[in-house]
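Enquirer: Could you work out the structure for the sequence below:
(one chain, ligands or ions: 2)
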Amino acid sequence: MTSNAFRVGTVAILGRPNVGKSTLLNHLIGQKLAIVSRKPQTTRQPLLGVVHRADAQIGFIDTPGLEQRNRRPLARAVNREALRCLEDVDVAVLLVEALRVGPEDLAIAEQIRRSGKPWLIAASKLDRVKDKSRLLPFLAELGERYPGVEIVPLSAHSGSNLTAFVEVLVGLLPLGEPLWEDDALTDRSLRFLAAEFIREKLIRRLGEELPYALAVTIDLFQEEANQTRIAATIWVEREGQKAIVIGEKGAVLKAVGMEARRDLERLLERPIFLETWVKVREGWTEDSRALRELGFDH
Ligand SMILES: Nc1nc2c(ncn2[C@@H]2O[C@H](COP(=O)(O)OP(=O)(O)OP(=O)(O)O)[C@@H](O)[C@H]2O)c(=O)[nH]1
Ligand SMILES: [Mg+2]
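Expert: Ligands and ions are numbered 1, 2, ... in the order given. Presented below is the predicted three-dimensional model:
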């Protein structure tokens, strides 16, 4: 009998930018850990989120969206981070958008296939598919392309099919002893999450190009009697960008700080005192040393 067999392992969620990898991670673990926006390559560094079940532990890894053609140093460093995750995990999930599969998705599928890992395809944003009759042919075509690979349509927003998705994954995991403590949620520090939450608010408020030029570091993270005190620096590449981030009479920075503080208070379950500063570091997205210092292996 294998009824009390425990399965445990890591699962990388891979895919092109914007397909909903981070949103899916948050919904799977039932908490906001990963940052989400409409802009591509919102996620820059992998993030682990652990799902605990009576019969399994699944360590989901949200990865940065893979951009095949982007040659910018930052994008290349980010791509490398994502592909490294593929090497380290037990199982890979290729996340594609339902009805919207193109050459970029197929190129990632090829990379996963070559890795030799067990994998499956999940088709996201099912709630957006208005004409359901298009779904079957779409799934059938993917099925023909990748025989033997399970394809699961799902929606993080509506929650539909998430249980079935997790069930299929558990079946692909190796047997083993629990890897994480019962209450483990992630391997990232609260400092990291704080910096990410601030970056999310900035990305959401600012125009198309600016998000690429932004990084956030935490200078102080201090537990005090009644609150946690956090000081953060927002790095931009040019003086002009600094003015945009600050906004008229500091309005943008103030709103960003308030929104990030609210998310952090929900996560930490205690009051936060958050201070933010904006500094210019010219050309950091092109400079390997700066990229390293800001947390990217390059
Ligand atoms: N309608 C709908 N929208 C979704 C769903 N999942 C994600 N989105 C939206 O898709 C956009 C991108 O979501 P993210 O989770 O940031 O996508 P990502 O794949 O992590 O993107 P990168 O980090 O840039 O690679 C956001 O605007 C989400 O709100 C879903 O299930 N339904
Ligand atoms: Mg993401």
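Enquirer: Now the residue of the stretch 51-200 of the chain found nearest ligand 1, what are its backbone angles?
Expert: Nearest residue of the stretch 51-200 of the chain to ligand 1 (CB to the nearest ligand atom) works out as Gly65 at 2.4 Å. From N, CA and C alone the C-beta is placed, and that goes for glycine too. Torsion angles at Gly65 (phi, psi; degrees, to the nearest 10) stand at phi -60, psi 130.
Enquirer: got a list of what it touches?
Expert: 15-19, 21, 40-43, 82 (CB atoms under 8 Å, 6 or more residues apart in numbering).
Enquirer: residues contacting the closest residue to it other than its chain neighbours?
Expert: Distance criterion CB to CB, 6 or more residues apart in numbering; nearest residue to Gly65, sequence neighbours excluded, is Pro17 at 2.9 Å. Pro17 sits next to 40-42, 64-67 when contact means CB under 8 Å, 6+ apart.
Enquirer: what about Leu172, neighbour count?
Expert: 19 (other CB atoms under 10 Å).
Enquirer: Backbone dihedrals for it, please?
Expert: phi -90, psi -10.
Enquirer: is it true that Val166 touches Ile58?
Expert: Yes: taking contacts as CB atoms under 8 Å, Val166 lies within contact range of Ile58: 7.0 Å.
Enquirer: Out of the contacts of Gly65, which two sit at the greatest distance?
Expert: Pairwise distances across those peak at 13.7 Å for Asn18 and Ala82 (criterion: CB to CB).
Enquirer: check contacts around the closest residue to Arg128 other than its chain neighbours.
Expert: Nearest residue to Arg128, sequence neighbours excluded (CB to CB, 6+ apart): Ala98, at 7.2 Å. Under the criterion of CB under 8 Å, 6+ apart, the neighbours of Ala98 are 123-126, 128-129, 135, 138, 153.
Enquirer: Which of those are buried, as a ChimeraX select command?
Expert: Buried residues among the contacts of Ala98 (16 or more other CB atoms under 10 Å), as a ChimeraX selection:
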select :123,124,125,126,129,138,153
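Enquirer: any idea how far Gly295 lies from Ile244?
Expert: 23 Å (CB to CB, to the nearest Å).
Enquirer: Which one's more surrounded, those two?
Expert: Ile244 (17 against 14).
Enquirer: Hmm, that one is touching Glu209, no?
Expert: No: counting by CB under 8 Å, Ile244 does not reach Glu209; the two are 10.2 Å apart.
Enquirer: can you confirm Ala231 is in a strand?
Expert: Yes: judged by DSSP: H, G, I helix; E, B strand; the rest coil, Ala231 forms part of a strand.
Enquirer: which strand residues sit across from it in the sheet?
Expert: Leu220, Glu275 (DSSP bridges).
Enquirer: contacting residues for it?
Expert: 218-220, 274-277.
Enquirer: again, but for Thr228
Expert: 221-222, 264, 268, 270-273.
Enquirer: What parts of the stretch 51-200 of the chain come near ligand 1?
Expert: 64-65, 124-125, 127-128, 155-157 (CB under 6 Å from any ligand atom).
Enquirer: Which ones among those residues lie within strands?
Expert: Ser124 (DSSP state E).
Enquirer: nearest to Ala232, of the residues of the stretch 51-200 of the chain next to ligand 1?
Expert: Using CB to CB, those come closest to Ala232 at Pro64, 21.0 Å.
Enquirer: Tell me, how many residues neighbour the closest one?
Expert: The number of residues near Pro64, taken as other CB under 10 Å, comes to 26.
Enquirer: cool, Glu110 as well?
Expert: For Glu110, using other CB under 10 Å, the count is 10.
Enquirer: Regarding it, what is its secondary structure?
Expert: Strictly by three-state DSSP, Glu110 counts as helix.
Enquirer: Skip the chain neighbours and tell me the closest residue to Val256.
Expert: In space, Val256 is closest to Lys201, 4.3 Å off (CB to CB, 6+ apart).
Enquirer: Which elements pack onto the helix or strand containing the one you found?
Expert: Using DSSP states H and E, Lys201 sits in helix 190-205. Applying 3 or more CB pairs under 8 Å, 6 or more residues apart in numbering; DSSP states H and E, one finds that helix 190-205 makes contact with strand 215-223, strand 228-236, helix 251-268.
Enquirer: wait, does it contact ligand 2?
Expert: No: if you take CB under 5 Å from the ion as the test, helix 190-205 misses ligand 2, and the best it gets is 9.9 Å.
Enquirer: now the angle from that helix to strand 228-236?
Expert: For helix 190-205 against strand 228-236, the angle between stretch directions is 50 degrees (axes from the mean of the first three to the mean of the last three CA atoms, to 10 degrees).
Enquirer: For helix 190-205, output the C-alpha coordinates as CSV.
Expert: The C-alpha trace of helix 190-205 is given here as CSV (Å, rounded to 0.1, in the frame of the first residue of the first chain):
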residue,chain,number,x,y,z
LEU,A,190,11.3,39.7,4.7
ARG,A,191,13.9,42.3,3.5
PHE,A,192,13.7,40.8,0.0
LEU,A,193,9.9,40.7,0.0
ALA,A,194,9.8,44.3,1.3
ALA,A,195,12.0,45.5,-1.6
GLU,A,196,9.9,43.6,-4.0
PHE,A,197,6.6,45.0,-2.7
ILE,A,198,8.0,48.5,-3.2
ARG,A,199,9.1,47.7,-6.7
GLU,A,200,5.7,46.4,-7.5
LYS,A,201,4.0,49.6,-6.6
LEU,A,202,6.5,51.6,-8.6
ILE,A,203,6.1,49.4,-11.7
ARG,A,204,2.3,49.6,-11.5
ARG,A,205,2.4,53.4,-11.3
